[in-house]
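In: my questions concern the predicted model and sequence given below.
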Amino acid sequence: MAMEKSRVLIVGGTGYIGRRIVAASLAEGHPTFVLLRPEIGLDIDKLQILMAFKAQGARLLEASLDDREGLVAAIRQVDVVVSAMSGVHLRSHNLMLQLKIVEAIKQAGNVKRFLPSEFGADPARLGDALEPGRVTFDEKMAIRRAIEEANIPHTYVSSNCFAAYFCPNLCQLKSLLPPKERVDVYGNGNVKAFFVDEDDIGTYTVKSIDDPRTLNKTIYIRPQDNCLTQNELIAKWEELTGKSLEKVHIPGVEFLAAMKDLNFAIQVAVTHYYHIFYDGCLTNFDIGEHGAEATMLYPEVPRGLKYRYPVSNSNVQSSHSAQQPYMAMEKSRVLIVGGTGYIGRRIVAASLAEGHPTFVLLRPEIGLDIDKLQILLAFKAQGARLLEASLHDHEGLVAAVRQVDVVVSAMSGVHLRSHNLLLQLKLVEAIKEAGNVKRFLPSEFGMDPSRMGNALKPGRVTFDEKMEIRRAIEDAKIPHTYVSSNCFAAYFCPNLSQLTSLLPPKERVNVYGDGNVKAFFVDEDDVGTYTIKSIDDPRTLNKTIYIRPQDNCLTHNELIAMWEKLSGKSLMKFHIPAEEFLAPMKDMQFAFQVGITHFYHIFYEGCLTNFDIGDNGAEATMLYPELALLSQILSRCENSITPCLFEFMLIGYVESSNEIELIIMFMFTLDCEHY
């Protein structure tokens, strides 16, 4: 049957706007493809976003922007290409990489519409923009010229101000949280701008791709109800909160003068703010015949005041606020620090699922990290309470701690991300002063550091810092539980424990030593569940709990064999002796050196399995046998194993005749578009 709607490929689909375009494309019924770039490396969050797309019906196409042949092959499977690659200097700025997409589209010759990454002010109207911010507009114009010189049909999308970046903070530059006492007002505060809900950007973008009225034009998303001055925005906030803010008006010259002492990314933002709030660059022109206005083109899209104030006095509690009583609450009140992190998110979810009054620390240091703020707001919607306090504000932190019974820290100890374990010393001091906490669980969630006294440098820094935190806890006589969760399944299983990628190897696999050393692979959601189970359990007081599901105790060889059986494809095995594995370390960056030494201790020395737990510990699956591991559901599997171990693998890497059986066994929809 002929396909009525265009097949759409989204490049940059894991990004802030890209996610919304994928969602809109699926909602509009387009056959939706998302580019999976091998360059995502070890970014587990991006991979999980991609897998969520797949579960919703999108298809993943693997291709690198540096592999012209593969990129052309991907593009030839679709009708429309939408790029949402980041142009934000506060994140990864890679607009010029789109030239590779332009060349591939030109070679493929089948694309009927290309939408490059714009989604802000119209660069064609900012030829006189100030340095250094004009770099964004200059690069977007370079992409436009390449598109038009190649005669590629196109649509440009000008979506103005992202609501979540500009409204909750009343357009302040360095924070997404609302100002408490005073607000900076740009000039007289009477210049109008358009504030657009980010989900609407996705919807209008996808609406335009099959519309002949938008061909080779710019569409502007200009909801009239959201055309506001900064003064009007502030007034709406004051009406909502019932509190007046002190207004500090900043002349344009003064606003720009402060730029010279700021880093490059903030300088870019300063000039963009200047053009929006002083020059009025979003509203000081008529669209004309080369453009169209989205809300007029698509009146069927719900309209109205759609910008949001996601953080208000009603849903974020100051750490100094009076504690509200809970009626007949049997379960401990739990505060999670680092709740937006990879494991922290799962601990919050488990705490809510177990019925604990759940608090999550909102640290002002999140700055402009919109993803973290949205995670926090999702917690709030699920019933968690947000406590605002900085780790650098001892008084505020003590006040926060005094509102709970248990504190769980999930602060990052991963050098590939932000490594901040020693900041927990501030948490220990606050708990000590508060004097009410009946259990503290510091951030461990890996190997037991007390058994890693002979670990190699530089990887031992992780264990040394965790032991320093333990000593501080025990010196302060704080009741505690330590959690040793072994290998995170999603990091170690889909890639068959390869070091530099989370994707399954296609032809060859590196095997560590003889491949017969056992390790425990633990589903990350189970880590959250067992952690929360332990907090009110007297059997875990002042002990280490080890999460050791026996069905998930595998050698490297066994893991590889399971994948080969599942995929029906044999891999070439390269056994790497220990000295050869360690030798390349000296030429690598610090984070990878740490990773190498940790892999060495796991897969060569067997540090996860070469000891008995003893009297100072307990094993989680024995403590809580009522928690049925998902592995037990898959009893038909010869080697039962938690599905998470392989769910990320089944992206389109499977080339197998028994596909239906795999779907039943692993409860995951497969397709084979790449192979």
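Out: Arrived safely.
In: any weak-confidence spans in the chain?
Out: 1-3, 89-91, 303-329, 414-418, 628-675 (pLDDT under 70).
In: in it, which residue sits furthest out from the middle?
Out: residue 289 (39.8 Å; C-alpha atoms, centre = their mean).
In: and it, how close does it get to residue 218?
Out: 11 Å (C-beta to C-beta, to the nearest Å). In this view, the C-beta of every residue, glycine as well, is placed from N, C-alpha and C.
In: for the stretch 51-200 of the chain, just list every one of the strands.
Out: Under the criterion DSSP state E, counting those that start in this stretch, the stretch 51-200 of the chain carries strands at the ranges 59-62, 80-83, 113-115, 155-158, 161-162, 182-186, 192-196.
In: so which of the ones you listed comes closest to residue 265?
Out: Closest to residue 265 of the strands of the stretch 51-200 of the chain is strand 161-162 (C-beta to C-beta; 16.2 Å).
In: what packs against that closest one?
Out: Strand 161-162 is packed against strand 192-196, with contacts defined by 3 or more C-beta pairs under 8 Å, 6 or more residues apart in numbering; DSSP states H and E.
In: strand partners of the strand it packs on, parallel vs antiparallel please.
Out: strand 161-162 (parallel), strand 227-229 (antiparallel) (DSSP bridges).
In: pull the residues that contact that strand.
Out: Strand 192-196 is contacted from outside by 159-163, 166-167, 221-223, 226-230, 233, 276-277, 280, 282-283, 306-307, using C-beta atoms under 8 Å, 6 or more residues apart in numbering.
In: any of the residues you listed buried? List them.
Out: Those of those that meet the buried threshold are 159-163, 166-167, 221-223, 226, 228-230, 233, 276-277, 280, 282, 306-307, by 16 or more other C-beta atoms under 10 Å.
In: how about stretch 603-612 as PDB, C-alpha atoms only?
Out: In PDB, the C-alpha atoms belonging to stretch 603-612 read as follows (Å, rounded to 0.1, in the frame of the first residue of the first chain):
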ATOM      1  CA  PHE A 603      38.100  -9.200  34.200                       C
ATOM      2  CA  TYR A 604      41.600 -10.300  35.000                       C
ATOM      3  CA  GLU A 605      41.700 -10.400  38.800                       C
ATOM      4  CA  GLY A 606      38.000 -11.200  39.400                       C
ATOM      5  CA  CYS A 607      37.600  -8.600  42.100                       C
ATOM      6  CA  LEU A 608      33.800  -8.900  42.100                       C
ATOM      7  CA  THR A 609      33.700 -12.600  42.800                       C
ATOM      8  CA  ASN A 610      37.000 -13.700  44.500                       C
ATOM      9  CA  PHE A 611      35.800 -13.200  48.100                       C
ATOM     10  CA  ASP A 612      33.200 -14.300  50.500                       C
END
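In: buried residues in that stretch?
Out: 603, 604, 605, 606, 607, 608.
In: chain center to that stretch, what's the gap?
Out: 32 Å (C-alpha atoms, centre = their mean, to the nearest Å).
In: go on, stretch 209-220?
Out: That offset, for stretch 209-220, works out to 31 Å (C-alpha atoms, centre = their mean).
In: so for it, first residue to last residue, what's the gap.
Out: 14 Å (C-alpha to C-alpha, to the nearest Å).
In: show residues contacting that stretch.
Out: 5-6, 8, 30, 80, 82, 113, 115, 122, 124, 153-158, 160, 204, 208, 287, 290-294, 297.
In: and with 7 Å instead?
Out: 5-6, 8, 80, 113, 115, 122, 153-158, 204, 208, 287, 290-294, 297 (C-beta atoms under 7 Å, 6 or more residues apart in numbering).
In: please apply the same query to stretch 261-274.
Out: For stretch 261-274, contacts defined as C-beta under 7 Å, 6+ apart pick out 89-90, 129-130, 132-133, 135-136, 173, 186, 252, 255-256, 259.
In: how does it look with 8 Å?
Out: Stretch 261-274 is contacted from outside by 89-90, 121, 129-136, 171, 173-174, 186, 252, 255-256, 258-259, using C-beta under 8 Å, 6+ apart.
In: so what's residue 519 closest to, chain neighbours aside?
Out: Leaving aside its chain neighbours, residue 519 sits nearest to residue 608 (4.9 Å; criterion: C-beta to C-beta, 6 or more residues apart in numbering).
In: for the one you found, what are its contacts?
Out: With the criterion set at C-beta under 8 Å, 6+ apart, residue 608 makes contact with 447, 486, 487, 518, 519, 520, 602.
In: farthest pair within those residues?
Out: Longest span within the contacts of residue 608, C-beta to C-beta: 447 and 518, 14.0 Å.
In: more neighbours, those two?
Out: The neighbour comparison of residue 447 against residue 518 (other C-beta atoms under 10 Å) goes to residue 447, with 22 against 15.
In: gap between the more buried one and residue 492?
Out: 13 Å.
In: now do the end-to-end distance for stretch 503-520.
Out: Stretch 503-520: ends 20 Å apart by C-alpha to C-alpha.
In: all numbers from here: first residue = 819
Out: That works, and once the first residue is 819, the last one we named lands at stretch 1321-1338.
In: list the buried residues for that stretch?
Out: Neighbour count says stretch 1321-1338 has 1321, 1322, 1323, 1327, 1328, 1329, 1330, 1331, 1333, 1335, 1337, 1338 buried, by 16+ other C-beta under 10 Å.
In: is it true that residue 1393 touches residue 1331?
Out: Yes. Using C-beta atoms under 8 Å, residue 1393 is in contact with residue 1331, at 6.9 Å.
In: can you list residues touching both of these two?
Out: By C-beta under 8 Å, 6+ apart, no residue touches both residue 1393 and residue 1331.
In: surely residue 976 is in contact with residue 942?
Out: No. Residue 976 is beyond contact range of residue 942, at 9.1 Å (criterion: C-beta under 8 Å).
In: sorry, back to before: Throw the strands paired with strand 1010-1014 into JSON lines and include distance to residue 1017, thanks.
Out: As requested, the strands paired with strand 1010-1014 are exported to JSON lines (distance: least, C-beta to C-beta, whole Å):
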{"stretch": "strand 979-980", "distance to residue 1017": "11"}
{"stretch": "strand 1045-1047", "distance to residue 1017": "19"}
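In: coming back round to it: secondary structure and distance to residue 962 added to the buried residues of stretch 1421-1430, as CSV?
Out: Shown next, in CSV, are those (DSSP: H, G, I helix; E, B strand; the rest coil; distance: C-beta to C-beta, whole Å):
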residue, secondary structure, distance to residue 962
1421, helix, 50
1422, coil, 54
1423, coil, 56
1424, coil, 57
1425, coil, 55
1426, coil, 54
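In: tell me which of those residues is nearest to residue 1358?
Out: residue 1426 (19.4 Å).
In: now the helices for the stretch 1069-1218 of the chain?
Out: Assigned by DSSP state H, counting those that start in this stretch, the helices in the stretch 1069-1218 of the chain fall at 1070-1075, 1082-1095, 1112-1115, 1162-1171, 1188-1199, 1212-1219.
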